[in-house]
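In: 3D model of this:
(chains A and B, ligands or ions: 2)
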Amino acid sequence: MKHTISVLVENRFGVLARVAGLFSGRGYNIDSLCVGETVDPSISRMTIVTHGDDRVIEQIEKQLNRLIDVIRVNDLTQEDHVERELVLIKVKAENEKRRDVMEIANIFRAKVVDVNPKTLTLEITGDEEKINAIIELLKPYNIKELVRTGKIAITRGE
Amino acid sequence: MTKRSGAEILVESLIQEGVEAIFGYQGGAVLPIFDAMHEKCPIQFILVRHEQAAAHAADGYARSTGKAGVCLATSGPGATNLVTGIATAYMDSIPIIALTGQVPTSMIGNDAFQEADIVGITRPITKHSYLVKETKDLARVVKEAFYIAQSGRPGPVLIDLPKDVSAGFAEHKPLREIEIRSYKPTYSGHIGQIKRAAKMIAESHQPVIYTGGGVISSGAAKELKVLVEKTGIPVTTTLMGLGGFPGDHPLSLGMPGMHGTKYANLAITESDLIIAIGARFDDRVTGKIDEFAPGAKIIHIDIDPTSISKNIQVDIPIVGDAKKILQELNKIVTAPKITAWTKKIKGWKKEHPLVYKQDGELKPQYVVEQICKITKGEAIVTTEVGQNQMWAAQYYLCREPRAFLSSGGLGTMGYGFPAAIGAQVGHPEKLVFDIAGDGSFQMNIQELATVVENELPVKIAILNNQYLGMVRQWQELFFNRRYAHTFLGAIPDFVKVAEAYGAVGMRITKPEEVVPALKEAIHTKKPVVMDFWIAQEENVFPMVPAGAALTQMIEGMA
Ligand SMILES: Cc1ncc(C[n+]2csc(CCOP(=O)(O)OP(=O)(O)O)c2C)c(N)n1
Ligand SMILES: [Mg+2]
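Out: Ligands and ions are numbered 1, 2, ... in the order given. Below you'll find the model as predicted:
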């Protein structure tokens, strides 16, 4: 099962390498990983999407906690939370195809961020379902390039 | 405030941490540090002959004294030579501080002469590490490093010191305390869990206590003894835990696992409750995991949450310091009714003792037994890796914690001799034996120069079978006796080697020579190399083949 794990770490040189090394060294999967500063610039948040059975996820959490620079580990999957990802898609859109692509973009409230005679570049944010849906719909039009930020997430409520 | 050099700040910080000895080697990037130690420095410096030995010696010092051991090496090759020693300490949770020189900060990343990314290289084998970028950070980094290495589940911490940082200047005010917001080890066990454990113990019929290195590192040997005396539950002790419970105690079952005693493995297999204390269910202990103690409930006391339910599902986890938890447990625990069980175990002990054939040949087990007898089990024993290690574990009945030092997790050949150096430096008054193999000893044989120069009277007992014996044993059992590259034909004359270095060399080829030779070696105030020519194809038994269940024991050759 997929888990979204939110990790607060010291905003310090080398921390990302420790976290990434932990996953590779112990054979855990990283589906995506996002890092950014929090309101406190001395602390960064990593949002890691991973998958594994309960035992593996439990080990991942414990192993992350064991790193000296890790302040807190939260498995958001256990909590009510909002997830978002941002994706940029460069898709072929020539002649009559262009209108089709625009239509799909509209339905998904995607923004057109770059236009040229052969392609359109769309920006979409949403949860995994929405993102996967638009990618599937655009695939027949020939996606030239796809860039995903990876998921970020935040708990609901206070 | 007057400014001090980074090297001076480093040395002062080390003194403030109570460092008495440093094991290390010179080099370009550490020149300022050596210079700062050159005069009027209360720290004893032991110049080894290979940096690997510095790391192992720091480790042996730490294991035997309970204080962090310190090693120091130059950048690049000096630092990479430490790697095996750091990994060894990491696998066995030993607090060492590895100080490495580094090229100047302005040159890092340029493939400068003798540059190696040692922080990167050692990331998976250190508890934590630092690359110090400014001289002003040094005092804090040293303080944090010692705290991290020695607290919680101990482990090695590396501090990488660019040359301009140690040569640079900064104001220095010694730090008394530090606070690391992201690092707060749990020491006290959950009291509700401890109560549940006491209840489970009281209701058990066939319990076994299974202890590891955690008992030693938390200093819980006394509390463990109280628990055993209160409950009458027998104890099996892993390689890492030897000495945590007296090996000659009537309730001691010796070691479990691959080369454990048959009675320890039988007791585990038939138990209805395992009380694991500071042990981590290593595969060398459990054998085939699906058939490990099938009827047992498990209480697991460990300071490291990641050890719990990693290999085996636990019924009552208690995270915290073994000593503290046992103190609480001992207050409320009551004795279970286990007379039938202890009687059964006594029967097993009688039926399946550790044995070897005494047929006139010089047997390694006999040598170890005699070392144990003559020293009354009160020496500090280090081991190399292989058969020698297992014979030492089986036949040297260690009675005190911090007196049996062996590379358990990594299984590092070449560990024992430099570890003995560290132990002897930490305990100048004690007798220190390295129970060695001919292969392993040759991995750090150059340290003979170190013991001679520093007048460290360690005794090296080489159980010389002219083989990489443990590997040969596997070939004999599992590869049709095809001894591919395990015969060490060109073994040097160890007596002459010892003498060439200025140590004492002795050769022992017959059983009746063993005791007189040991007595003489112990009386000699010099380092002694004892070359025991043992029966070459002697095997370590019992043996549970890798991946087999604990009940699948081979007890001897047909
Ligand atoms: C550094 C290292 N290399 C290889 C091994 C694999 N290994 C384990 S035991 C052993 C043989 C050890 O030979 P020796 O020191 O003579 O001990 P014996 O088994 O003969 O007592 C080897 C090669 C190891 N444990 N460590
Ligand atoms: Mg050998």
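
In: the lengthiest strand in chain A: partners in the sheet, and parallel or antiparallel?
Out: For chain A, the strand with the greatest residue count under DSSP state E is strand A:81-92. Paired with strand A:81-92 in the same sheet, following DSSP bridges, are strand A:119-126 (antiparallel), strand A:143-148 (antiparallel), strand A:152-155 (antiparallel).

In: what parts of the stretch 1-150 of chain B come near chain A?
Out: B:Val119, B:Gly120, B:Arg123, B:Pro124, B:Lys127, B:His128, B:Leu131, B:Ile148 (C-beta under 8 Å from any C-beta of the partner chain). Yep, even glycine has a C-beta here, placed from its N, CA and C like the rest.

In: if we use 7 Å, what do you get?
Out: Counting by C-beta under 7 Å from any C-beta of the partner chain, the residues of the stretch 1-150 of chain B close to chain A are B:Val119, B:Arg123, B:Pro124, B:His128, B:Ile148.

In: can you tell me which of these lies nearest to B:Trp348?
Out: Nearest to B:Trp348 among the residues of the stretch 1-150 of chain B next to chain A, counting by C-beta to C-beta, is B:Pro124 at 40.9 Å.

In: not counting sequence-adjacent ones, nearest residue to that closest one?
Out: Leaving aside its sequence neighbours, B:Pro124 sits nearest to A:Gly25 (C-beta to C-beta, 6 or more residues apart in numbering or on different chains; 4.9 Å).

In: roughly how far does that neighbour sit from ligand 2?
Out: 32 Å (C-beta to the ion, to the nearest Å).

In: kindly report the same for A:Phe23.
Out: Taking C-beta to the ion, one finds A:Phe23 at 39 Å from ligand 2.

In: same check, this time on B:Val165
Out: 44 Å.

In: sorry, back to before: need the winner for burial among the strands paired with strand A:81-92.
Out: strand A:119-126 (a mean of 20; mean count of other C-beta atoms under 10 Å in any protein chain shown).

In: on that earlier part again, check which residues of the longest strand of chain A are buried.
Out: For strand A:81-92, a neighbour-count test (16 or more other C-beta atoms under 10 Å in any protein chain shown) marks A:Glu83, A:Arg84, A:Glu85, A:Leu86, A:Val87, A:Leu88, A:Ile89, A:Lys90, A:Val91 as buried.

In: could you point out the helix or strand that follows that strand?
Out: helix A:97-107 (DSSP states H and E).

In: got the CA coordinates for that following helix in CSV?
Out: The C-alpha trace of helix A:97-107 is given here as CSV (Å, rounded to 0.1, in the frame of the first residue of the first chain):
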residue,chain,number,x,y,z
LYS,A,97,-5.9,18.5,-32.3
ARG,A,98,-5.2,21.8,-30.5
ARG,A,99,-8.9,22.4,-29.7
ASP,A,100,-9.2,18.9,-28.2
VAL,A,101,-6.2,19.4,-26.0
MET,A,102,-7.6,22.9,-24.9
GLU,A,103,-10.9,21.3,-24.0
ILE,A,104,-9.3,18.7,-21.9
ALA,A,105,-7.2,21.4,-20.2
ASN,A,106,-10.4,23.4,-19.4
ILE,A,107,-12.2,20.4,-17.9
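
In: pull out the buried positions in that helix.
Out: A:Arg98, A:Val101, A:Ile104, A:Ala105.

In: how about the helix ranked longest in chain A: buried residues?
Out: Criterion DSSP state H: the longest helix present in chain A is helix A:54-66. Residues A:Val56, A:Ile57, A:Glu58, A:Gln59, A:Ile60, A:Glu61, A:Lys62, A:Gln63, A:Leu64, A:Asn65, A:Arg66 are the ones in helix A:54-66 that count as buried (16+ other C-beta under 10 Å).

In: just give me the closest of the residues you listed to chain B.
Out: Checking the buried residues of helix A:54-66 against chain B with C-beta to the nearest C-beta, the nearest one is A:Lys62 at 4.3 Å.

In: how near is the residue lying closest to A:Asn11 once chain neighbours are set aside to B:Val132?
Out: Among residues not flanking A:Asn11 along the chain, A:Ser44 sits closest, at 4.3 Å (C-beta to C-beta, 6+ apart). Distance of A:Ser44 to B:Val132, computed by C-beta to C-beta, to the nearest Å: 21 Å.

In: ok, now B:His249?
Out: The value you get for B:His249 to B:Val132, if C-beta to C-beta is used, is 47 Å.

In: now do the next helix-or-strand element following the longest helix of chain A against strand A:81-92, angle only.
Out: Going down the chain from helix A:54-66, the next helix or strand is strand A:70-75, by DSSP H and E. Put simply, strand A:70-75 runs at 80 degrees to strand A:81-92, going by axes from the mean of the first three to the mean of the last three C-alpha atoms, to 10 degrees.

In: for chain B, what lies in contact range of chain A?
Out: Near chain A, when you scan chain B using C-beta under 7 Å from any C-beta, you find B:Val119, B:Arg123, B:Pro124, B:His128, B:Ile148, B:Arg181, B:Ser182, B:Tyr183, B:Pro305, B:Thr306, B:Ser309, B:Lys310.

In: give the burial count for the third one, as a bare number.
Out: Other residues within reach of B:Pro124 by the criterion other C-beta atoms under 10 Å in any protein chain shown amount to 14.

In: the fifth one too?
Out: Neighbours of B:Ile148 under the rule other C-beta under 10 Å: 26.

In: how near is it to A:Phe13?
Out: Distance, B:Ile148 to A:Phe13, by C-beta to C-beta: 17 Å.

In: one more: the fourth one?
Out: Per C-beta to C-beta, B:His128 is found 13 Å from A:Phe13.

In: list the contacts of the closest residue to B:Ala419 other than its chain neighbours.
Out: Using C-beta to C-beta, 6+ apart and skipping residues adjacent in sequence, the residue nearest B:Ala419 is B:Gly60, 3.1 Å away. B:Gly60 makes contacts with B:Thr382, B:Leu405, B:Pro418, B:Ala419, B:Ala420, B:Ile421, B:Gly422, B:Ala423, as judged by C-beta atoms under 7 Å, 6 or more residues apart in numbering or on different chains.

In: next, the fifth one: phi, psi?
Out: Geometry field for B:Ala420 lists phi and psi as phi -60, psi -40, criterion degrees, to the nearest 10.

In: what about it, neighbour count?
Out: Neighbour count for B:Ala420, taken as other C-beta under 10 Å: 31.

In: quick check, pLDDT for it.
Out: For B:Ala420, the pLDDT comes out at 98.

In: on that earlier part again, contacts for the longest strand of chain A, please.
Out: A:4, A:101, A:118-128, A:131, A:138, A:141-156.

In: rerun that using 8 Å as the cut-off
Out: A:4, A:32, A:76, A:101, A:110, A:113-114, A:118-128, A:131, A:134-135, A:138, A:141-156 (C-beta atoms under 8 Å, 6 or more residues apart in numbering or on different chains).
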